[in-house]
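Colleague: requesting a structural model of the entry that follows:
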Amino acid sequence: MSDTTASVLDHMSVKEMPAFAQVMPRVAAEYGKPLTTQLKELVTWCLRGNKLSVDEYYSMCLFDGSVWTPQEKKKAVGLAKSRDIWGHFLERNPWTGVMDDKLAYENLLRGFGLKGTTTVAIIGGRYPKDRPTRLESPKAVREFLEKASFPIFGKPTNSLQSLGSARFNSYDKGQGRLTMSNGKSVGVEELWSEIETHFNGAYLFQECVETHTVLKEMCGSGVPTIRVVTLDRGNGPEIFRVCAKLTGNGNVA
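Modeller: Residues are numbered from 1 along each chain as shown. Predicted structure coming up:
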């Protein structure tokens, strides 16, 4: 539903959806969803139900009957509604802030003795500027890359849907360019500019996790994950729901 070819990092978000005057006729033509039917569903789920924003209806492809059954559509919720649900069930709302901040969450896991991916450098963000791994300029990024062990994984410190994630396979010091797993290359200045423009200047580099050989056969070289939702009803945490986030279409995570 979007054209991100002008950017090296995928930054498409629901805030950047095309105008409805363009989207609605396109959905009608490509998916056989009449304009009147789209409007009815928008009223049902976005306006009356208050479960989704209009942008999320389109970005989540809820108009596509081959992907979503009527029963599944009734259960779909957007980001704002999800946060309402979290606030209802979580005793301490600050937990959502910790989970949104990838570096804070990484350190939280390590504090509980759980294994997490190691962050090797940070651009921007709300972190101490005197940290050895803090990169304050494109020059500092170049110096870091010249000594870094590749491949490395990069992602914004605060984003959803793996937006901005990238695997960098190598760095050419002479040209000052990074080679990405999708075959593209990007200069340090260009990468810095995109991070500033699309991700509030906050980005981190991590050690790269390699995909298990069995999973590579299913979803390529991207890194899939298993998400586990637990609930504590007073007798300790219990597994409520488990889902697999599989990669595809060139996604790295």
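Colleague: from here on, contacts and neighbour counts on C-alpha atoms
Modeller: OK.
Colleague: CA atoms of stretch 76-91 as PDB?
Modeller: Only the C-alpha atoms of stretch 76-91 are listed here, as PDB (Å, rounded to 0.1, in the frame of the first residue of the first chain):
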ATOM      1  CA  ALA A  76      -8.800  -6.700  15.500                       C
ATOM      2  CA  VAL A  77      -7.600  -3.700  17.500                       C
ATOM      3  CA  GLY A  78      -5.300  -0.900  16.700                       C
ATOM      4  CA  LEU A  79      -2.400   0.600  18.700                       C
ATOM      5  CA  ALA A  80      -4.500   3.100  20.800                       C
ATOM      6  CA  LYS A  81      -7.000   0.400  21.800                       C
ATOM      7  CA  SER A  82      -4.200  -2.000  22.500                       C
ATOM      8  CA  ARG A  83      -2.700   0.500  25.000                       C
ATOM      9  CA  ASP A  84      -6.100   0.800  26.700                       C
ATOM     10  CA  ILE A  85      -6.200  -3.000  27.100                       C
ATOM     11  CA  TRP A  86      -2.600  -3.100  28.500                       C
ATOM     12  CA  GLY A  87      -3.500  -0.300  30.900                       C
ATOM     13  CA  HIS A  88      -6.500  -2.300  32.100                       C
ATOM     14  CA  PHE A  89      -4.600  -5.500  32.800                       C
ATOM     15  CA  LEU A  90      -1.200  -4.200  33.900                       C
ATOM     16  CA  GLU A  91      -0.900  -3.200  37.500                       C
END
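Colleague: now residue 196, nearest residue through space, not along the chain?
Modeller: By the measure of Cα to Cα, 6 or more residues apart in numbering, the closest residue to residue 196 outside its immediate chain neighbours is residue 202, 7.4 Å from it.
Colleague: equivalent analysis for residue 49, please.
Modeller: Excluding its sequence neighbours, the residue lying closest to residue 49 (Cα to Cα, 6+ apart) is residue 43, at 8.0 Å.
Colleague: quick one: that neighbour and residue 52, what's the gap?
Modeller: Separation of residue 43 from residue 52 (Cα to Cα, to the nearest Å): 10 Å.
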